[in-house]
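Participant: only the shape, not the letters, is given here:
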């Protein structure tokens with residue numbers, strides 16, 4: 001990676017801003033690292049899906065207003081609540097506050113939250129993430145049964161957020177949960193973007209790709225409220241779109257699996273034969289495709305997204321005297337993590353070189369990918385750390401000795417899987433001093449990056465971010481701030 005990163009950095013213009021070597025104001029940089037930690041806390045509060053859902057729905061005891069549509073709820077009509085995801089329990093709290101005992105339903109919640117108490121007639125089913133478990137299956141079966149029983153006077157609220165793809169799941173007949181999990185893990189590790197990943201999962205599921213919308217066809221109205229955790233806010237990709245028409249096909253899933261097999265074969269791994277057989281058998285059977293047109297009784301609404309996080313962060317920094325124009329707000333980051341890191345650095349470099357005396361920042365949001373096959377010392381079961389910890393590690397080699405502070409965080413405060421018994425990491429806070437400080441601590445970040453073991457690296461260097469709770473998931477966020485020292 002050092003060679004790849006070094007060659008890309010050489011292609012960038014020379015740095016014309018301040019450097020730490022000529023400054024005695026390093027405390028200012030440390031203060032900015034602390035400010036970025038505070039910024040992250042502020043964003044977690046502002047992105048609270050409970051507050052966002054409360055603002056999205058109004059009910060006067062008779063008429064429901066949501067997303068520009070008004071629906072009369074008759075006396076015999078029920079409010080059915082379904083959904084799942086890392087933030088969906090908070091969304092359900094808002095719906096219960098609005099409708100009280102009239103709301104009935106089941107929401108899949110993250111298993112790490114334990115068995116949440118019911119909210120009136122809304123129950124919670126603990127479910128697995130990043131892979132589905134038996135709780136995911138149990139919740140999906142109950143939700144399907146509930147939707148099949150809705151009547152023409154009933155209004156359905158679907159509460160979907162990041163993690164929903166795993167937390168509400170029922171594999172197609174003939175496919176075991178173990179088969180599904182195996183292909184899910186392969187896709188997760190092999191660097192496929194969320195669209196490709198979800199395209200496979202939809203075609204192996206009885207839930208995704210609009211199939212819950214089919215089950216709710218008799219409902220008077222379905223309000224599908226979503227916390228977007230995908231680049232471009234594509235409705236059909238959020239939690240694999242259980243209530244949304246799907247543009248992917250069996251043919252797309254087949255192409256992704258073919259590419260996946262080529263990636264994992266050198267590692268001695270394979271795709272479960274039942275998965276390959278099912279996709280292959282259905283490539284040209286159109287009647288088995290996912291939903292291709294959203295029903296008229298379904299309204300889709302994104303209540304909060306990564307764009308919200310980017311703009312809130314920019315407003316906060318601007319209020320502190322940091323310049324963050326629109327062209328320094330990178331939306332919808334996708335692709336390889338190294339390319340994304342270079343893009344952020346390059347944008348900041350351009351901004352600094354044009355006005356080296358002014359504080360400025362680049363904010364980037366989205367979800368890049370880490371292709372572990374590019375890192376020679378990766379070991380399955382021994383390499384821990386997510387995308388943002390990796391991006392923070394890569395950035396160290398671009399900003400060394402520069403007055404730059406950086407926040408690299410997963411907004412759900414879960415950046416990759418931690419080692420057993422260790423706390424979740426939300427990401428990392430680093431600066432132009434971090435690389436020098438790590439050497440003083442006799443920690444070589446390159447060793448950990450080459451092993452994709454960035455969790456251990458940031459733990460040893462004291463740059464890891466740990467938060468006690470999480471309430472949302474709107475993908476990843478990187479904030480890189482240049483602080484003039486002269």
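Facilitator: Sure thing, it's come through. The structure presented is a predicted model; accordingly, all values stated were derived computationally and were not measured.
Participant: which residues of the stretch 1-150 of the chain fall in helices?
Facilitator: Under the criterion DSSP state H, counting those that start in this stretch, the stretch 1-150 of the chain contains helices at 2-10, 26-46, 49-56, 88-99, 134-148.
Participant: out of those helices, indicate the one that is most buried.
Facilitator: Across those, averaging neighbours per residue (mean count of other Cβ atoms under 10 Å) puts helix 88-99 on top, at a mean of 24. C-betas here are computed from N, CA, C, even on glycine.
Participant: now it against helix 49-56, angle please.
Facilitator: 40 degrees (axes from the mean of the first three to the mean of the last three Cα atoms, to 10 degrees).
Participant: mean confidence for helix 88-99?
Facilitator: In this model, helix 88-99 has an average pLDDT of 97.
Participant: which residues are contacting that helix?
Facilitator: Residues outside helix 88-99 that contact it (Cβ atoms under 8 Å, 6 or more residues apart in numbering) are 48-51, 53-54, 57-59, 79, 81, 83, 103, 107-110, 113, 116, 119-120, 122, 124, 157, 159-161, 164, 167, 225, 227, 303, 471-472.
Participant: ok, then the element right after the helix-or-strand element of the chain with minimal mean pLDDT?
Facilitator: One helix or strand of the chain scores below all others by mean pLDDT, DSSP states H and E: helix 194-202, with a mean of 87. Note on helix 194-202: by DSSP states H and E, the next helix or strand toward the C-terminus is helix 211-215.
Participant: quick one, strands of the stretch 301-450 of the chain?
Facilitator: Assigned by DSSP state E, counting those that start in this stretch, the stretch 301-450 of the chain shows strands spanning 329-333, 360-366, 404-410, 427-431.
Participant: just the mean pLDDT for the third one, thanks.
Facilitator: The reference is to strand 404-410. Confidence over strand 404-410 (mean pLDDT, whole number) is 97.
Participant: same thing with the last one?
Facilitator: Within the predicted structure, the mean pLDDT of strand 427-431 is 98.
Participant: pull the distance from that strand to the chain's centre.
Facilitator: When C-alpha coordinates are averaged (Cα atoms, centre = their mean, to the nearest Å), strand 427-431 and its chain have centres 18 Å apart.
Participant: next one: the first one
Facilitator: Distance of strand 329-333 from the chain centroid (Cα atoms, centre = their mean) equals 14 Å.
Participant: which elements pack onto it?
Facilitator: helix 306-319, helix 337-354, strand 360-366 (3 or more Cβ pairs under 8 Å, 6 or more residues apart in numbering; DSSP states H and E).
Participant: of these, which approaches residue 446 most closely?
Facilitator: Among the helices and strands packed on strand 329-333, the nearest to residue 446 by Cβ to Cβ is helix 337-354 (13.6 Å).
Participant: that older thread, and the least confident helix or strand of the chain, what does it pack onto?
Facilitator: helix 177-189, helix 250-264.
Participant: could you pull out the buried residues of the last one?
Facilitator: Same thing as helix 250-264. Within helix 250-264, the residues scored as buried using 16 or more other Cβ atoms under 10 Å are 250, 252, 253, 254, 256, 257, 260, 263, 264.
Participant: what does it contact?
Facilitator: Residues outside helix 250-264 that contact it (Cβ under 8 Å, 6+ apart): 183, 186-187, 190-192, 196-197, 199-200, 202-204, 270-271, 275-276, 279-280, 282-285, 288-289, 371, 373.
Participant: and those residues, which are buried?
Facilitator: Buried members of the contacts of helix 250-264, counted by 16+ other Cβ under 10 Å: 183, 186-187, 190-192, 196-197, 199-200, 202-204, 271, 275-276, 279, 282, 289, 371.
Participant: mind listing residues that contact the least confident helix or strand of the chain?
Facilitator: By Cβ under 8 Å, 6+ apart, the residues outside helix 194-202 that reach it are 165, 180, 183-184, 187-188, 208-209, 230-231, 234, 237, 240-241, 246, 248-249, 252-253, 256-257, 279, 290, 367.
Participant: now the buried members of those.
Facilitator: Neighbour counting by 16+ other Cβ under 10 Å classes 165, 180, 183-184, 187-188, 208-209, 230-231, 234, 237, 240-241, 246, 248-249, 252-253, 256-257, 279, 290, 367 among those as buried.
Participant: closest to residue 395 out of the helices and strands packed on helix 194-202?
Facilitator: helix 177-189 (22.3 Å).
Participant: what's the closest one packed up against?
Facilitator: Applying 3+ Cβ pairs under 8 Å, 6+ apart, we find helix 177-189 packed against helix 194-202, helix 250-264, helix 273-281.
Participant: got those as a markdown table, with distance to residue 466 columns?
Facilitator: Formatted as a markdown table, those follow (distance: least, Cβ to Cβ, whole Å):
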| stretch | distance to residue 466 |
| --- | --- |
| helix 194-202 | 25 |
| helix 250-264 | 32 |
| helix 273-281 | 36 |
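Participant: check the ones you listed for me: which has the lowest mean pLDDT.
Facilitator: Comparing mean pLDDT over the helices and strands packed on helix 177-189, the weakest stretch is helix 194-202, at a mean of 87.
Participant: from the chain's centroid, how far away is that one?
Facilitator: On Cα atoms, centre = their mean, the centre of helix 194-202 falls 14 Å from the chain's centre.
Participant: picking up where we left off before, of all the helices and strands packed on helix 194-202, which one is nearest residue 26?
Facilitator: Of all the helices and strands packed on helix 194-202, helix 177-189 sits nearest to residue 26, with 38.4 Å by Cβ to Cβ.
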